[in-house]
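# Fold the following and give me the result.
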Amino acid sequence: MAEYLSHRTLETEHVGIALILVSAIGFGTLGIFGIYAQRAGLSIPTVLVFRFLLAGALIWAFLAWRGEATTLRGRPLAIALALGGFGYTAQSGLYFLGLEFMTAGLVAIVLYTYPAFVVVLAVLTIGERVSRPMLLALCLAFGGIVLVTGANPDGASLVGVVVVLGAALAYACYITGSRAVLETVDPLVLTAYVLPAAATSYVVIGTATGQLELPTAPSAWVILCCIAVFATAVPVVAFFAGLQYIGASRASIVSTAEPPVTVVLGAALFAEPVTVATVVGGVSILAGVIILERE
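Alright, predicted model coming up:
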């Protein structure tokens with residue numbers, strides 16, 4: 001009996017890891033599809049409006065299929081809309097803006113400093129103490145940024161690094177802010193509210209700047225659907241499904257496969273250069289993330 005349970009536990013663990021890897025691969029394609037969107041002449045507001053609308057609709061459909069669609073009210077609803085309308089809006093916009101300055105691989109690597117910002121915010125806002133492992137992790141993460149920035153002048157720029165660090169900070173603020181409701185609201189339900197709120201923000205931004213348009217080319221719709229389905233909805237659902245099997249800490253560690261996926265795809269599809277210093281910098285950042293998660 002014990003042997004059977006051990007086998008079942010191992011199977012469950014493998015399923016969880018596989019789901020998180022699917023999630024990491026999906027999120028890792030976002031920068032790649034973002035470059036295709038740029039080449040198709042799609043503006044950032046247009047891409048993000050349809051990304052969030054289509055992905056939000058898919059997640060709501062998934063929740064309804066499972067009988068888990070939930071109506072939020074009061075404070076949880078207000079926080080969810082604020083997280084989407086401001087936090088996720090800022091993170092996504094800066095991420096796609098960063099693709100105009102740097103390669104997709106470097107954008108993914110720099111964005112992955114967000115756990116370090118989460119720690120910094122925790123220290124500043126709730127007085128969390130900085131342990132030696134945390135300090136080491138922060139040094140590794142930001143040291144990796146220095147290596148990545150100086151390693152590839154063709155693929156990185158100071159402006160691009162600052163923009164993507166802004167995206168990482170915005171994402172850290174989003175994660176920190178979401179903790180206020182995640183004790184009572186399912187993460188997938190929260191995401192189902194965040195996405196339409198972010199879409200609404202980009203409708204306003206796109207309309208105000210004259211950049212919002214309805215694509216007419218079939219190829220543009222293929223790109224938008226790929227971003228919404230494979231780079232947003234599928235990885236979000238897969239991550240939360242995997243989370244139930246292996247827990248948040250281990251899921252976060254497995255998710256560090258995301259930047260390498262983007263780097264490999266960028267090199268294979270767009271001949272993005274990958275130097276030794278870039279690899280060392282990326283490994284340094286991911287090592288910092290793993291230390292933070294284990295801490």
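# residue boundaries of the helices in the stretch 101-250 of the chain?
Listed in chain order, the helices of the stretch 101-250 of the chain (DSSP state H, counting those that start in this stretch) span 104-111, 114-126, 132-151, 158-182, 187-209, 218-228, 234-246, 248-254.
# Of the ones you listed, which is nearest A267?
helix 104-111 (6.9 Å; Cβ to Cβ). For glycine as for every other residue, the C-beta is placed from the backbone atoms N, C-alpha and C.
# so what does the closest one touch, helix or strand wise?
helix 30-39, helix 89-98, helix 132-151, helix 158-182, helix 258-270, helix 276-294 (3 or more Cβ pairs under 8 Å, 6 or more residues apart in numbering; DSSP states H and E).
# Between helix 89-98 and it, find me the angle.
140 degrees (axes from the mean of the first three to the mean of the last three Cα atoms, to 10 degrees).
# List the contacts of helix 104-111.
28, 31-32, 34-35, 95, 98-99, 102, 144-145, 148, 152, 155-156, 160-161, 164-165, 167-168, 171, 258-259, 261-267, 270, 272, 274, 278, 281-282, 285 (Cβ atoms under 8 Å, 6 or more residues apart in numbering).
# Mind giving me the PyMOL select for those residues, buried ones only?
If you want just the buried ones from the contacts of helix 104-111 in PyMOL, going by 16 or more other Cβ atoms under 10 Å, the selection is:
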select buried, resi 28+31+32+34+35+95+98+99+102+144+145+148+152+155+156+160+161+164+165+167+168+171+258+259+261+262+263+265+266+272+274+278+281+282+285
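# and V189, how many residues sit next to it?
Here the number of neighbours of V189 (other Cβ atoms under 10 Å) works out to 21.
# ok, for V261, nearest residue in space, not its chain neighbours?
Distances taken as Cβ to Cβ, 6 or more residues apart in numbering place G28 nearest to V261, at 3.0 Å, with adjacent residues excluded.
# Same check on S255?
A24 (5.0 Å).
# What separation is there between that neighbour and L243?
13 Å (Cβ to Cβ, to the nearest Å).
# of the two, who's got more company?
More neighbours surround A24 than the other of A24 and L243, with 23 against 19 (other Cβ under 10 Å).
# Test my guess that that one contacts V236.
No - using Cβ atoms under 8 Å, A24 makes no contact with V236, being 12.0 Å away.
# Can you give me the neighbour number for L58?
So L58, with other Cβ under 10 Å, has 19 neighbours.
# And it, how far from A64?
11 Å.
# same thing with V276?
49 Å.
# rewinding a little: relative to I290, tell me which of the helices of the stretch 101-250 of the chain wins on proximity.
Of all the helices of the stretch 101-250 of the chain, helix 248-254 comes closest under Cβ to Cβ, at 5.3 Å.
# Which other helices and strands does that closest one contact?
Looks like helix 248-254 contacts helix 2-28, helix 234-246, helix 276-294 (3+ Cβ pairs under 8 Å, 6+ apart).
# What are the buried residues along that helix?
Buried, per 16+ other Cβ under 10 Å, within helix 248-254: R250, A251, S252, I253, V254.
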